[in-house]
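Trainee: need a 3D model of the sequence below.
(2 chains)
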Amino acid sequence: MSKFKKKKDGGLPPVNTAALPDIVFMLLFFFMTVTVMKDNTLKIKQQLPSADQLHTLDKKDPVIYIYAGEPLDQFKAKWGSSAKIQLNDSFKEVTDIAQYILSERADFRQDQQNKITTALKVDGETNMGLISDIKQELRDVNALKINYIANKKSE
Amino acid sequence: MPKRAIPEINAGSMADIAFLLLIFFLVTTTFETNSGINRKLPPPQPEDVDPPIIRQRNIFTVVVNKNDQLLVEDQLMEVTDLRKAAMDFLDNGASTNDQGENCNYCKGKKDPESSDHPDKAIISLQNDRETSYKTYIEVQNELVAAYNELRAREYARLYPGRDYLADEEEYTTAKTPEEVKDRLKPRLERVKKMYPQKLSEAEPKKN
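Mentor: Below you'll find the predicted structure:
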């Protein structure tokens, strides 16, 4: 019977996991500090162009976002495969931009309203025709400060 | 009275709780790229205003066609050479500005066929409706870089030890204290006035 006796020694001691919470908390704090909450679900493909003369938009700056690009595969059946504009959470037409800018602008504080930047987050493969139309609309509602969002060029 | 020992709290599930929070933050947040090229659109123009007459040598034309090829001053060019060409044009300083002042800080060739003065030099960018956005941004980037490099050169000369781009960044950041901004503003404006950014964009050609 002694054949089946449990081995008491020679086995590995259990790994001490007391520091595990600390490690996980460290990761947690890292992600809490460097990421921001998603505010819009992108419905379009977004491969941003790259540039090196970048200017960082501060979190406190009043910014209105306009997204544009080719719809993601699951939306192609309904919306087609040509580049579309996304405002907040839905696809919109160029003619809706003016209304959108005006309503977003009203949400900002009075003293910030003339400092609003319109950030264009546009996929690199989009044709300039669409961008020009957007810019024309922005000019019409006097939203003249724009920012072409781009990735930092890695050299 | 005998002291009652406080039972130790079991921290075994602490890791689980932390993991849960970690995973929550992983799914709800994104790494946001929040930097880009700042540009200003021209204000809406009344229909009946005639455009001012500008001499051809003061205009640096950049045309991007639908195949993303670059035509600079009627010559085919690669994007990588654009910055140098634009800087040469802006920095030429062959003649005087409207106030009759010579460009004493220009280091260009003073070619009479090129721009008179940085005040007068205009870069005109024209693109096709089928140009890709990626190329457009590359071209914009190079042109903005040309201005920034010239301004940085003068900034370093006027205020030794200071960096134009770093100061510009500091000035535009919202959390910079007001007194620092007030100190930086006249310096930045002085250099910006030396090389004013005159980058005009024509309406894209329709096919």
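Trainee: what residues sit buried inside stretch A:81-92?
Mentor: Buried positions in stretch A:81-92, judged by neighbour count with 16 or more other Cβ atoms under 10 Å in any protein chain shown: A:A83, A:K84, A:I85, A:Q86, A:L87, A:F91, A:K92. Where you see a C-beta, it was placed from the backbone N, CA and C, and this is true even at glycine.
Trainee: with respect to B:K109, which of those residues is nearest?
Mentor: Using Cβ to Cβ, A:A83 comes nearest to B:K109 of these, at 42.7 Å.
Trainee: quick one, what contacts the closest one?
Mentor: A:I44, A:A68, A:G69, A:E70, A:D123, A:E125, A:T126, A:N127, A:L130 (Cβ atoms under 8 Å, 6 or more residues apart in numbering or on different chains).
Trainee: is the second one in a bridge, and if so with what?
Mentor: Beta-bridge partners for A:A68, by DSSP bridges, are A:I85, A:V122.
Trainee: right, and it touches A:I85 too?
Mentor: Yes. Using Cβ atoms under 8 Å, A:A68 makes contact with A:I85 at a distance of 4.9 Å.
Trainee: can you list residues touching both of the two?
Mentor: Counting by Cβ under 8 Å, 6+ apart, the residues touching both A:A68 and A:I85 are A:L130, A:I134.
Trainee: so in the chain, which helix runs the longest?
Mentor: All of this refers to chain A. Counting residues, the longest helix in chain A under DSSP state H turns out to be helix A:20-34.
Trainee: that was the other one, I meant chain B.
Mentor: Longest helix of chain B, by residue count under DSSP H: helix B:133-158.
Trainee: so which bits of that helix are buried?
Mentor: By 16+ other Cβ under 10 Å, the buried positions in helix B:133-158 come out as B:133-155.
Trainee: so how far is it off the chain centroid?
Mentor: How far helix B:133-158 lies from its chain's middle: 6 Å, per Cα atoms, centre = their mean, to the nearest Å.
Trainee: try stretch A:88-105
Mentor: The answer for stretch A:88-105 is 18 Å, by Cα atoms, centre = their mean.
Trainee: returning to that earlier point: Throw the contacts of A:A83 into CSV and include distance to B:K198, neighbour count and pLDDT, thanks.
Mentor: Formatted as CSV, the contacts of A:A83 follow (distance: Cβ to Cβ, whole Å; neighbours: other Cβ atoms under 10 Å in any protein chain shown; pLDDT from 0 to 100):
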residue, distance to B:K198, neighbour count, pLDDT
A:I44, 34, 21, 87
A:A68, 27, 23, 91
A:G69, 31, 24, 89
A:E70, 34, 20, 90
A:D123, 29, 19, 90
A:E125, 30, 14, 88
A:T126, 27, 26, 88
A:N127, 26, 19, 88
A:L130, 26, 19, 90
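Trainee: how about B:A11, what does it touch?
Mentor: Under the criterion of Cβ under 8 Å, 6+ apart, the neighbours of B:A11 are A:A18, A:P21.
Trainee: then B:G108?
Mentor: Here B:G108 is in contact with B:D88, B:L90, B:D91, B:N92, B:G93, B:A94, B:S114 (criterion: Cβ under 8 Å, 6+ apart).
Trainee: read off the pLDDT value for the nearest residue to A:I149 once chain neighbours are set aside.
Mentor: Leaving aside its sequence neighbours, A:I149 sits nearest to B:G36 (Cβ to Cβ, 6 or more residues apart in numbering or on different chains; 3.9 Å). Note for B:G36: predicted pLDDT of 86.
Trainee: A helix includes B:G36, no?
Mentor: No. Using DSSP: H, G, I helix; E, B strand; the rest coil, the assignment for B:G36 is strand, not a helix.
Trainee: do I have it right that it meets A:Y148?
Mentor: Yes. Using Cβ under 8 Å, B:G36 makes contact with A:Y148 at a distance of 4.8 Å.
Trainee: let me see the ranges of the helices in chain B.
Mentor: For chain B, the helices defined by DSSP H cover B:14-28, B:79-90, B:133-158, B:164-172, B:178-194.
Trainee: returning to that earlier point: could you work out the most separated pair of the buried residues of stretch A:81-92?
Mentor: Greatest spacing in these, by Cβ to Cβ: A:A83 and A:L87 (14.0 Å).
Trainee: spatially nearest residue to the residue sitting nearest the centre point of chain B (excluding sequence neighbours)?
Mentor: Centrality entry for chain B: nearest residue to the mean C-alpha point is B:V144, 4.3 Å, by Cα atoms, centre = their mean. Distances taken as Cβ to Cβ, 6+ apart put A:Q53 closest to B:V144, at 4.6 Å, once the chain neighbours are dropped.
Trainee: got it, and A:K152?
Mentor: Closest to A:K152 by Cβ to Cβ, 6+ apart is A:L54, at 6.1 Å.
Trainee: how many residues are close by residue 118?
Mentor: Since you didn't name a chain, this refers to chain A. Counted with other Cβ atoms under 10 Å in any protein chain shown, the neighbours of A:T118 add up to 23.
Trainee: the intended chain is chain B.
Mentor: B:P118 has 24 neighbouring residues, counting by other Cβ under 10 Å.
Trainee: ditto for B:Q126
Mentor: Neighbour count for B:Q126, taken as other Cβ under 10 Å: 17.
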